[in-house]
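Q: Fold the following, please.
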Amino acid sequence: MTRCQMDLGEPVLLTVLDDVVEANMLMNLLQDQQIPAYKKGRGVGGYLDIVMAVNSFGTEIYVPRQLLMKAQELVEALHPPQGVQELPVLEEDALDELL
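A: Predicted coordinates for the structure are as follows:
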C-alpha cells in the first residue's frame, strides 16, 4: 500500500483463504472497488505460493481499517452464508428397506 492509501487507516486482516486462485480473485475484486489491499502467505506458505502456486497454510488478505466494512461486504457476496439444511425424515418402512 502506498502512503496515500495508508491514510485510510492501518492495515487489518480481512480474511484468510486456502485457495491461491480465490485469493487472487478477491484481490482483483477489491482493486476494482478501489479498496487497496495486499496479500501475505502464512508461514512458509508464501514460498509454496511462488514455487507451486499452492499454499496449504493459507493466504491472508489485508485492507485499510476504514474500508474493512466495505471489503467484508464483498467477501460475504462471494461466500454467502450457507443455511442449515434439514435432512429428510425417513419413515420406519423406508428405514427398514435401507437396512
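Q: Could you pull out the helices in the protein for me?
A: 3-6, 20-32, 45-52, 68-78, 92-98 (DSSP state H).
Q: mind listing what residue 33 touches?
A: Residues near residue 33 by Cβ atoms under 8 Å, 6 or more residues apart in numbering: 70, 74. Any C-beta I mention is one placed from the backbone N, CA and C, and that applies to glycine too.
Q: Would you list the phi and psi of it?
A: Residue 33 adopts backbone torsions of phi -90, psi 10, taken as degrees, to the nearest 10.
Q: what's the least confident stretch among the helices of the chain?
A: Confidence, taken as mean pLDDT, is least for helix 3-6 of the helices of the chain (a mean of 48).
Q: Counting neighbours, what do you get for residue 23?
A: 21 (other Cβ atoms under 10 Å).
Q: cool, residue 72 as well?
A: Neighbours of residue 72 (other Cβ under 10 Å): 13.
Q: Let me know whether it touches residue 26 as I believe.
A: No - using Cβ atoms under 8 Å, residue 72 makes no contact with residue 26, being 11.5 Å away.
Q: Pull out the buried positions in stretch 60-68.
A: The neighbour-count check on stretch 60-68 (16 or more other Cβ atoms under 10 Å) flags 60, 61, 62, 63, 64, 67, 68 as buried.
Q: what's the span of that stretch, first residue to last?
A: Taking Cα to Cα, to the nearest Å, stretch 60-68 runs 14 Å from one end to the other.
Q: Touching it from outside, list them.
A: 1, 5-6, 8-17, 23, 26-27, 30, 35-42, 71.
Q: Would you write a PyMOL line that selects the buried entries of those residues?
A: The following PyMOL line selects those of the contacts of stretch 60-68 that are buried, judged by 16+ other Cβ under 10 Å:
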select buried, resi 5+8+11+14+15+17+23+26+27+30+35+36+37+39+41+71
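Q: Of the contacts of stretch 60-68, which belong to strands?
A: Mapping the contacts of stretch 60-68 onto strands (DSSP state E) picks out 11, 12, 13, 14, 15, 16, 17, 38, 39, 40, 41.
Q: So the last one is in contact with residue 57, correct?
A: So that's residue 41. Yes - using Cβ under 8 Å, residue 41 is in contact with residue 57, at 6.6 Å.
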